[in-house]
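Undergrad: Dropping a prediction and its sequence here:
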Amino acid sequence: MAELTEIRWHARAGQGAVTASRLVAETAMDDGQYMQAMPEYGAERQGAPLKAYTRISPDPIEIHNNILHPDIVVVLDDTLLEVVNVCEGLKPNGTLIVNTRMTGDEVREATRAAADVKIATVDASDIAINTIGRDIPNTPIAGALAKVTGVIDVESLKKYVERSFTGKFSDKVIAGNLASVDRAYEEVHV
Amino acid sequence: MPDVTVLASSGDQMVAEAFRQANPDVLPVYPITPQTIIVEEFDKFVAQGKVHTEFVPVESEHSAMAAAIGASAAGARTVTATASQGLAYMWEELYVAAGMRLPIVMANANRALSAPINIHGDHSDIMGCRDTGWIMYFAENAQEAYDDTLMAFRVAEHPDVMLPVATTLDGFITSHALERCELLDDETVAAFVGEYKPERSLLDTDNPNSFGMFANLGNFYMETKLAMRKAMEGSLDIIKSVGKEFEAVSGRPFEVVKTYGTEDAERVIVVMGSSIGNVRHVAKQLRAKGEKVGVVGLRVFRPFPSNELVAALKDAKAIAVMDRCETVGGQGGPLWQETAAALQSVGITTPTRDYMYGLGGADVTVQLIEEIFEDLKTLEADKAAGKVADVTYKGNR
Amino acid sequence: MANIKQLSELPQRLSPGHSMCGGCGATIAVRQILMGAGKTPVVCSAATGCLEVSTTTFPFTSWEGGFIHNTFQSSAATMSGVEAAFRGLKRAGKIPADKDIKFVAFGGDGGTYDIGLQALSGALERGHDFLYVCYDNGAYMNTGIQRSGATPYSAWTTTSEVGDAVPGKRHFEKDLTSIVAAHHIPYAAQASISNWNDLVTKATKAMDIDGPTFLNVLAPCPRGWRVPFDQAVEIAKLGVQTNYWPLYEVENDVWKLTENRRKLPIEDFLRPQGRFRHLFKPGNEHLIKEFQTNVDRHYAYLQARVAGSEAYKDALEEAGLPLISDDGLALESGSVQPFQQ
Amino acid sequence: MSWDYSGNEQWTWDQIPLGAMTLEGGTATGHKTGDWRVQRPIWHTDKCKQCLICWMHCPDSSIKVSEQKMCGVDYEHCKGCGVCVQVCPFNALSMMSEKDARELDEKEAN
């Protein structure tokens, strides 16, 4: 069987998890991969914890269910660590990426993640505020994802961001987003 | 060769693209989750002048189908889209559309029916009108939703068919999830779909017709129903030939019954819609371990492809049918009923078992499918011992 | 408008040989209304009901032009689709741009006041270019005289039975024409088969206007009203003369009474009808009084609307605002996007 | 065009037009409702002032008019409802029982 990578995103409604799940999926598609991106649909409103999913594979993806055993879990808001078991179903030797000021050890303790779980932390919110000017951590954290997992290529990510943002946002905003990807790529701690 | 655009798209958006490329004359529609994206995307095309379509934002689904019937009788290529309660609200109109032999194309984002209210994917809504005289496609993914919608025009408008066609996609799972899709170029599609040239039209004032006549007691009612049955039966060959034509254009294979592993499978699951992929995914893993399992997925449910199904199941030792629609108090779900009847009609007595799954969007997990394949190992003995019911729930608490 | 002799030379729109009751008011209404189309081709729809069933028993259709019947509540919605197709096909260049067709949707009071009201309201709001005609006989006659939202107060029907406990229908009828007028369409009017000149004039006016128009036509059902079969026109005339059925029109929100006959007491309208027989039994005098009160009150309401219309016109003039038909807004229907290649 | 629906009572499923539509307008003319009649309107030409009010109100389109003149009753379709008699301002129409009318016709025939 071909290598299928499954990513689960945790955030609060309105924090851009759905956008992030698509950002990563479409970047992979640009590199010739097959993909799926979907939120866990419900009646959630602003602020409610929600999940989104991304699947990436070199071959067509046939399975359509929710992702129960992700290879990678990304958390866009560390206040969720107390309310959601973000490690639930995480595969052995899986990866957990968190937008936080906490250290990896603090995250491991807070999430009671197994020893084999690779933990990466990045202050994507801070990066976003300093580059884009607003706390939208989903673009930078995709950069961190590229660095830590290699599931997508960071240059492809930037190409995609540039292409898909052009016309919709000002050059300033686009430049900020690209800068945020670079910074997160550099600053993510494993 | 056609120009192909690769894009990340939801099933709803792909249906809207198919509608745009078919450039219908009239589209009456009423929004309902999870069909909404189709309406929104198409209205953008209208606003941008990319279609000549008369967009009629009606006040209810009942009026959506009523207006579609009026438009189609007036000789217009007519499309609409709905889901769930909306399809249920249309119900009486669905019979009229088919009875008047109007080639309306409708996309349905398959969704559960109230109560309790639930916006998620299952087949309760579409199965509720399986006997209305509409041809029915079930898409496995966003790509098939697009392909089926394009083929639907050719089938519906074929002079030997002239029946409405519903192209269905599973709510959210297919309607909303983003997938890698391929879009054919407009010219290629226009050439494939062609133009609708109705033989009769309300607007042909030189040759006036009356549509929706009254069939008095004993006066033609049965005959018109028989004519519908004949047209529906005959449509299967047309569905296949149109499918082959589309295969040549798109390079994507088309079968009314999709099979995997059935050449040597002892345990087979029959399933429709987005879950076909899930079951095939699991079957591949099991076969990799040497287990003789197979999958039969129906892409067309009306007309029911009985012969193709039987051919795919004839060598199986145990058969599970997965139904995503309750028939409370019935012998089994709609797909099981049809499958059992198809097998019985040719004297095949292979044990079958109906599994009720995924109602209200309940997740169709790998484990759930593995359990079903596992059950099949002892189905014959279990049945003999009276250990299993005909209808078994999976994935419930 | 053409005189009666000229009208007699117009194309026949409803052929004989239909199965409506002898003396039916509905077919009289249909014939008179379709005279309003002049020589232009007409495409009609009808809601399920007497008119539809009795004029379309396969293979016999009485409709000389195109006709479609869909369901009970869908005459307006179905015609929306037909009219939308006419525009869509023109835009696609599949129909000559100069082709003219008049679209007329028929419904009885059951299919209009009650089950079809939502579809009618939606079609009016969307501004489709067709005339909707309610032929009002005040009950579900096709299914055997059951009460509808149009059935008069205290009338007997098979679902507003008369007994010692209940003296017929306990509710006053809906004011459908006002409900329709509240959609601020270019033209809505009330007419009667007994006043053919007024009716044909209104039908002509309505069909000449672009955009949605409406006629509510009193079309007695001798069987349901319990009058002799030759009395449809006579009883309708009494309905008008007693102000039970005032004739008026609402053009661009301006209300105008179109017939000012001498006013007769409501008894003159009620007495000949078997469905009101119980009103004339001792002890039921109060019912007639209530009926009369309601008729007078409604007429006063109409007079007030007429008077108010003058003030309305002045206000528009003062504010420099156009009448509904003068700005074309009400006349655009469905999607108004021009087709660009 | 003219649609031949003769023998339609024997039509089989494949002979009925698609969706049981009619292929022509006004085919009901072929449905003779005159035999519903128990009374018939008699037209008194001497009294007729050609006002055409009867024509305007006939529910069965059975008052024959040509060149703007009333020219008789279409007894093939007239159901004998009597509306024309009621609306005529000049008593130029009156009802007669179908039985008497037929006898009269026979006398005239002989």
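TA: It's in.

Undergrad: quick one: low-confidence ranges for the chain?
TA: Picked chain A for this. For chain A, the stretches with pLDDT under 70 are A:1-2, A:43-44.

Undergrad: You answered for a different chain; I wanted chain C.
TA: In chain C, residues with pLDDT under 70: C:261, C:327-341.

Undergrad: again, only using 50
TA: C:330-341 (pLDDT under 50).

Undergrad: now the helices: where do they sit in it?
TA: Under the criterion DSSP state H, helices of chain C are mapped to C:4-7, C:25-34, C:50-55, C:75-91, C:109, C:117-126, C:176-181, C:196-208, C:222-225, C:232-241, C:267-270, C:285-319, C:324-327.

Undergrad: In contact with the most centrally placed residue in chain D, which residues?
TA: Compute the mean C-alpha point of chain D, and by C-alpha atoms, centre = their mean the closest residue is D:His77, 2.8 Å away. Applying C-beta atoms under 8 Å, 6 or more residues apart in numbering or on different chains to D:His77 gives the contacts C:Pro16, C:Gly17, D:Thr29, D:Lys32, D:Thr33, D:Gly34, D:Asp60, D:Ser61, D:Ser62. Just so you know, the C-beta spots here come from the backbone N, C-alpha and C atoms, and that holds for glycine as well.

Undergrad: rewinding a little: tabulate the helices of chain C (JSON lines), appending mean neighbour count and distance to A:Gln15.
TA: Formatted as JSON lines, the helices of chain C follow (neighbours: other C-beta atoms under 10 Å in any protein chain shown; distance: least, C-beta to C-beta, whole Å):
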{"stretch": "helix C:4-7", "mean neighbour count": "17", "distance to A:Gln15": "72"}
{"stretch": "helix C:25-34", "mean neighbour count": "28", "distance to A:Gln15": "62"}
{"stretch": "helix C:50-55", "mean neighbour count": "24", "distance to A:Gln15": "57"}
{"stretch": "helix C:75-91", "mean neighbour count": "30", "distance to A:Gln15": "43"}
{"stretch": "helix C:109", "mean neighbour count": "26", "distance to A:Gln15": "56"}
{"stretch": "helix C:117-126", "mean neighbour count": "23", "distance to A:Gln15": "40"}
{"stretch": "helix C:176-181", "mean neighbour count": "21", "distance to A:Gln15": "48"}
{"stretch": "helix C:196-208", "mean neighbour count": "22", "distance to A:Gln15": "57"}
{"stretch": "helix C:222-225", "mean neighbour count": "23", "distance to A:Gln15": "65"}
{"stretch": "helix C:232-241", "mean neighbour count": "23", "distance to A:Gln15": "68"}
{"stretch": "helix C:267-270", "mean neighbour count": "19", "distance to A:Gln15": "71"}
{"stretch": "helix C:285-319", "mean neighbour count": "14", "distance to A:Gln15": "50"}
{"stretch": "helix C:324-327", "mean neighbour count": "14", "distance to A:Gln15": "47"}
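
Undergrad: Any chance of a markdown table for these, columns distance to chain A?
TA: Below are these laid out as a markdown table (distance: least, C-beta to the nearest C-beta, whole Å):
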| stretch | distance to chain A |
| --- | --- |
| helix C:4-7 | 61 |
| helix C:25-34 | 49 |
| helix C:50-55 | 43 |
| helix C:75-91 | 30 |
| helix C:109 | 42 |
| helix C:117-126 | 27 |
| helix C:176-181 | 36 |
| helix C:196-208 | 47 |
| helix C:222-225 | 50 |
| helix C:232-241 | 54 |
| helix C:267-270 | 56 |
| helix C:285-319 | 42 |
| helix C:324-327 | 36 |
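
Undergrad: Of all those helices, which one comes closest to B:Gly329?
TA: Closest approach to B:Gly329 among the helices of chain C is made by helix C:117-126 (33.0 Å; C-beta to C-beta).

Undergrad: Apart from its neighbours in sequence, what residue is nearest the residue in chain A that chain D sits nearest to?
TA: Nearest residue of chain A to chain D, counting by C-beta to the nearest C-beta: A:His64, 38.6 Å away. Distances taken as C-beta to C-beta, 6 or more residues apart in numbering or on different chains place B:Ser274 nearest to A:His64, at 4.6 Å, with adjacent residues excluded.

Undergrad: how about that neighbour, phi and psi?
TA: phi -60, psi -20 (degrees, to the nearest 10).

Undergrad: Run a quick neighbour tally on it.
TA: 32 (other C-beta atoms under 10 Å in any protein chain shown).

Undergrad: got the contact list for it?
TA: B:Ser274 touches A:His64, B:Gly121, B:Ala139, B:Glu140, B:Asn141, B:Leu169, B:Asp170, B:Ile173, B:Thr174, B:Val364, counting by C-beta under 8 Å, 6+ apart.

Undergrad: and what of A:Met102?
TA: By C-beta under 8 Å, 6+ apart, the neighbours of A:Met102 are A:Asp78, A:Ala110, A:Thr121.

Undergrad: Give me the distance between B:Pro351 and B:Tyr260.
TA: 21 Å (C-beta to C-beta, to the nearest Å).

Undergrad: now A:Ile119, which residues is it bridged with?
TA: Beta-bridge pairing for A:Ile119 (DSSP bridges): A:Leu96.

Undergrad: isn't it right up against A:Glu106?
TA: No - applying C-beta atoms under 8 Å, one finds A:Ile119 not in contact with A:Glu106, separated by 9.7 Å.

Undergrad: Show me which of those two is the more surrounded one.
TA: A:Ile119 (22 against 16).

Undergrad: By residue count, which helix of the chain is the longest?
TA: No chain specified, so I'll use chain A. helix A:171-187.

Undergrad: that answer is for a different chain, and I need it for chain B
TA: helix B:221-250.

Undergrad: distance between that helix and the chain's centre?
TA: Here helix B:221-250 is found 14 Å from its chain centre; the criterion is C-alpha atoms, centre = their mean, to the nearest Å.
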